[in-house]
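>>> My questions are about this predicted structure, shown below with the sequence.
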Amino acid sequence: MAAAGAGAAAAAAAAPVLVLRFRNGEERGADTDLAQQLPFEYAIEAPFIRNERTFRLLDEYTVIHAQHARGGADAVADIAAWDRAFMARGVTDTVMLYDLFVGATTLGMDGLSDLCAQMTADAVKRRPVEEVKALLGITDVGMTPEEELKLQHDNDAILCLR
């Protein structure tokens, strides 16, 4: 009986792993059944992921939402509340927001992309143009200050997505 358990553990340990190579050169294995379906024995480039933290956030979001979709005892009851807490905990600066936004968009994670868009809108709404540019690292948009103010005034309603 113990030999059967050891054999199962060895088989699980030998299961193929999907390895992603991030922009910074780090390689990490993705905990996914997809690895068994892929014939690759090398790392897959994932330049839209800069580091392991971004990968872990994308992975956590996917796991929790998959559990919620399946239902059951392990599912989060209030997914909207979980989403708000996830964004508040995971997104600590504009760089992380950008990385998460790019990763979610690239991977087709529409729900997470929407959360990132809302967080971006919340961060810039009702702020002066110069403050928004500083926050987002924008240096030159090729417009005069008067044109920027007119654009902000004409599009102010767009930033109020809720």
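Structure received.
>>> What helix or strand is residue 54 located in?
Per DSSP states H and E, residue 54 falls inside helix 52-70.
>>> packing partners for that helix?
Here helix 52-70 touches strand 27-30, helix 79-90, helix 94-106, helix 110-124, going by 3 or more C-beta pairs under 8 Å, 6 or more residues apart in numbering; DSSP states H and E. Bear in mind the C-beta positions are built from the backbone N, C-alpha and C, glycine included.
>>> Least confident of the ones you listed, on average?
In terms of average pLDDT, strand 27-30 trails the rest of those, at a mean of 71.
>>> Go ahead and flag the most central residue of this structure.
residue 100 (3.2 Å; C-alpha atoms, centre = their mean).
>>> just to revisit the earlier point, got the buried residues for the helix holding residue 54?
Judged by neighbour count (16 or more other C-beta atoms under 10 Å), helix 52-70 contains these buried residues: 54-55, 57-58, 61-62, 64-65, 68.
>>> returning to what we had before: doesn't residue 89 make contact with the residue nearest to the centre of the chain?
No - with contacts counted by C-beta atoms under 8 Å, residue 100 stays clear of residue 89, the gap being 11.9 Å.
>>> Buried residues in stretch 118-133, which are they?
Buried residues in stretch 118-133, defined by neighbour count with 16+ other C-beta under 10 Å: 119-120, 124, 129, 132-133.
>>> what about dumping the CA coordinates of it to CSV?
In CSV, the C-alpha atoms belonging to stretch 118-133 read as follows (Å, rounded to 0.1, in the frame of the first residue of the first chain):
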residue,chain,number,x,y,z
GLN,A,118,-11.7,51.2,-13.1
MET,A,119,-8.8,51.6,-10.7
THR,A,120,-7.0,53.8,-13.3
ALA,A,121,-10.1,55.9,-13.8
ASP,A,122,-10.5,56.3,-10.0
ALA,A,123,-6.8,57.3,-9.7
VAL,A,124,-7.0,60.1,-12.3
LYS,A,125,-10.6,61.5,-12.1
ARG,A,126,-10.9,65.0,-11.0
ARG,A,127,-7.2,65.6,-10.9
PRO,A,128,-5.5,68.4,-12.9
VAL,A,129,-3.7,67.5,-16.1
GLU,A,130,-0.3,68.0,-14.7
GLU,A,131,-1.0,65.7,-11.7
VAL,A,132,-2.3,63.0,-14.0
LYS,A,133,0.7,63.3,-16.2
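>>> Cool, thanks, signing off.
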